[in-house]
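Visitor: below is the sequence, then the predicted model.
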Amino acid sequence: MRVVGYARLSRATEESTAIVRQRQAIADTARARGWELVGIEEDNDVSATRTRLNRPGLNAARERLARGEADAVLVWKLDRLARSVVDFGLLLDSGLQIISCTESLDTTTAMGRAMAEILQVFAAMEARTIGARVSSARRHLPTVGRFPGGIVPYGYRVVPHPSGVGRALEPDPAEAAAVRLAATHVLGGRSVYAVCKSLNEAGIKPRRAAQWSASSLQRLLRSDAVLGRVRVGTEYAKGPDGKKRKVRSATVLRDEHGMPVQQWEPILSLDEVERLRALTQRTPTPGRAEATAEGRRRKASRVLSGLISCPGCDGTLVAKSRRSAGKPVYACQASAQGRKCERGVVVECDRVEAEVERQFLAVFGRYAVVEQRVRLRETGELARVTEAIRTTSEELQHPGADIRALAERLTKLHAERVRLDAVPSDPTSELVETGKSFAEEWEARDYLGRRELLIGCGAVIGLAYAKQRGKWDPARVSLAFDRR
């Protein structure tokens, strides 16, 4: 009889089921029984529970059987082939003949087929038991100060636990230094975008991306991980379609008083993180989302988009591509928008922008750019309680939240907040110089950054009609500044 071998190893499997040992057992069994082994297919680091029957090695073995190259598939143990009773039944129904090296199993006989079905029930039960045991361990380990595995937060590295059992985390010298550097710059008044640019230029990269983005750096500086905290309690469940969905989000591990537990050595202090959160807090502007969506729908986006108006109707000129000349233009859209304009205007974008740049830098070019810096009072304990109130309020919105316990915690936290908040103080802000002139910033920024400079200075751009058709006159462009 001709047989094709199949071996599989998943991440959670012990060393006793290593691929090398499975292959050796398959070869020895085929030789001892006088069978012809036509080959061995394998799936390494593949879970049968997650992938079901869609596995490269298993598919290859089934194709060889379908082509008549072999009469049966030989496995080290039945659970290497399938963990689900349903999946195993599908294989048998498709006509697949299965032989096990370590079990009295040969589905070419009626008794062997019945025995295989019984064994598969126990294999499915063992898979569910392993899953429950792993989930329980992942929930328990953080409570005793051990790292449960998974993605290591940026800024940390895995080390042996001081007790000698399991693993823990400690700050990684290079990555932690990068986090502190970024935090210092942002707290010093620089924008997150500018700090990202500095890190990328210095060759300091995140682990799983080519370079830092403003959003990824902002998430890192606002995270609980840099405070040495862990998040626990994520739960998943299968939906009607069989796909896993999150039914409970992870929350910060807390003590009996509802206060977050510091599990590892922090990279940043709580006061620093709270100030970073305040500085990077996004405040939605009414109508801004709609305006952004509308702006993205435009075919061309330029420095003066939305900042320059038609001299005839005061309507905003829109940047468009002019097919006849092949150059983008700012054009009046009164007719397309159902408005009246005595005399529309069309002007080349490059010419207007060059004149606005010349006039703007002539006024502001030599002056230093200033940015707003927000200052918060240095009250660490109050910051901890305020953070605990915020996160507890967020937990109340999670499906399956323990409303009574969270409400009791919130009541205690509010009482503590009243006690600590005896001397209220609002955040203050001040303008600080960035160390660069407007001319230097203009040269370094893209069109969006240049728009910010114009808007920040209150630029009001005027455009007059041409005195002579077909001839460009820079005097048509006027630039004033609204100081209000």
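Guide: Alright, I've got the coordinates.

Visitor: how about the helices in the stretch 301-450 of the chain?
Guide: 349-364, 380-395, 403-420, 438-444, 447-456 (DSSP state H, counting those that start in this stretch).

Visitor: any idea which of those helices scores lowest on pLDDT?
Guide: Within those, the stretch with the lowest mean pLDDT is helix 380-395, showing a mean of 74.

Visitor: next, the buried residues of that helix.
Guide: By neighbour count on 16 or more other CB atoms under 10 Å, the buried set for helix 380-395 is 382, 383, 384, 385, 386, 387, 388, 389, 391, 392, 395. From N, CA and C alone the C-beta is placed, and that goes for glycine too.

Visitor: please tell me how far the nearest residue in space to the second one that is not next to it in sequence sits from residue 227.
Guide: The shortest distance from residue 383 to any non-neighbouring residue, by CB to CB, 6 or more residues apart in numbering, is to residue 274 (4.3 Å). Computed as CB to CB, to the nearest Å, the residue 274 to residue 227 distance reads 10 Å.

Visitor: got it, and residue 308?
Guide: Separation of residue 308 from residue 227 (CB to CB): 47 Å.

Visitor: and those two? Which one has more around it.
Guide: residue 308 (25 against 21; other CB atoms under 10 Å).

Visitor: need phi/psi at residue 209.
Guide: For residue 209, the backbone dihedrals (degrees, to the nearest 10) come out as phi -150, psi 160.

Visitor: just the pLDDT at it, thanks.
Guide: Residue 209 is assigned 87 on the pLDDT scale.

Visitor: how about the contacts made by residue 191?
Guide: Residues in contact with residue 191, defined by CB atoms under 8 Å, 6 or more residues apart in numbering, are residue 371.

Visitor: excluding its backbone neighbours, what's nearest residue 206?
Guide: Once flanking residues are discounted, residue 206 sits nearest to residue 212: 5.8 Å by CB to CB, 6+ apart.

Visitor: next one: the residue sitting nearest the centre point of the chain from residue 192, what distance?
Guide: With distances taken as CA atoms, centre = their mean, the chain has residue 216 as the residue nearest its mean C-alpha position (7.2 Å). Here the criterion is CB to CB. By it, residue 216 lies 10 Å from residue 192.

Visitor: and the residue nearest to residue 383, helix, strand or coil?
Guide: Under DSSP: H, G, I helix; E, B strand; the rest coil, residue 274 falls in the helix class.

Visitor: how far away is it from residue 439?
Guide: 36 Å.

Visitor: and if you look at residue 196?
Guide: 23 Å.

Visitor: now residue 37: closest residue in space that isn't a chain neighbour?
Guide: Using CB to CB, 6+ apart and skipping the chain neighbours, the partner closest in space to residue 37 is residue 30 (4.1 Å).

Visitor: my bad, should have said residue 366
Guide: Sequence neighbours aside, residue 437 is the residue nearest to residue 366 in space, at 5.9 Å (criterion: CB to CB, 6+ apart).

Visitor: report how many residues lie close to the one you found.
Guide: Neighbourhood size, residue 437 [other CB under 10 Å]: 17.

Visitor: then the one 4 residues further on?
Guide: For residue 441, the count of nearby residues is 18 (other CB under 10 Å).

Visitor: residue 22 is in contact with residue 7, isn't it?
Guide: Yes - the pair residue 22 / residue 7 is scored as a contact, 3.9 Å apart, by CB atoms under 8 Å.

Visitor: list the residues that contact both of these two?
Guide: Both residue 22 and residue 7 are contacted by 42, 75, 76, 80, under the criterion CB under 8 Å, 6+ apart.

Visitor: tell me the contacts of the residue nearest to residue 37?
Guide: Per CB under 8 Å, 6+ apart, neighbours of residue 30: 3, 5, 36, 37, 74.

Visitor: any weak-confidence spans in the stretch 201-350 of the chain?
Guide: Within the stretch 201-350 of the chain, the set of residues satisfying pLDDT under 70 comprises 232-250, 252-253, 255-258, 282-301, 322-325.

Visitor: at 90 what do you get?
Guide: Applying pLDDT under 90 to the stretch 201-350 of the chain flags residues 202, 205, 207-210, 214-215, 223-225, 227-265, 269-349.

Visitor: how about the strands of it, start to end?
Guide: 231-232, 235-238, 244-248, 251-252, 318-321, 328-331, 346-348 (DSSP state E, counting those that start in this stretch).

Visitor: residues in contact with stretch 444-464?
Guide: By CB under 8 Å, 6+ apart, the surrounding residues in contact with stretch 444-464 are 301-305, 307-311, 317, 345, 347, 352, 356-357, 360, 364, 369, 436, 438, 441-442, 475-484.

Visitor: how is this structure carved up into domains?
Guide: Domain ranges of the chain: 2-137, 168-279, 288-371+430-481, 375-427, per automatic domain parsing.

Visitor: looking at these, which is nearest to residue 158?
Guide: Of all the domains of the chain, it is domain 168-279 that lies closest to residue 158, at 6.3 Å by CB to CB.

Visitor: end to end, how far does the closest one reach?
Guide: Across domain 168-279, the terminal residues are separated by 31 Å (CA to CA, to the nearest Å).

Visitor: circling back to that earlier point, give me the number of residues near the residue nearest to residue 206?
Guide: If you count neighbours by other CB under 10 Å, residue 212 ends up with 23.

Visitor: same check, this time on residue 274
Guide: When counting by other CB under 10 Å, one arrives at 21 neighbours for residue 274.

Visitor: that one touches residue 390, doesn't it?
Guide: No - distance between residue 274 and residue 390: 10.1 Å, which falls outside the contact criterion (CB under 8 Å).

Visitor: next SSE after the host helix or strand of residue 24?
Guide: Using DSSP states H and E, the element containing residue 24 is helix 19-32. Note on helix 19-32: by DSSP H and E, the next helix or strand toward the C-terminus is strand 36-44.

Visitor: quick one: mean pLDDT for that following strand?
Guide: The average pLDDT for strand 36-44 rounds to 91.
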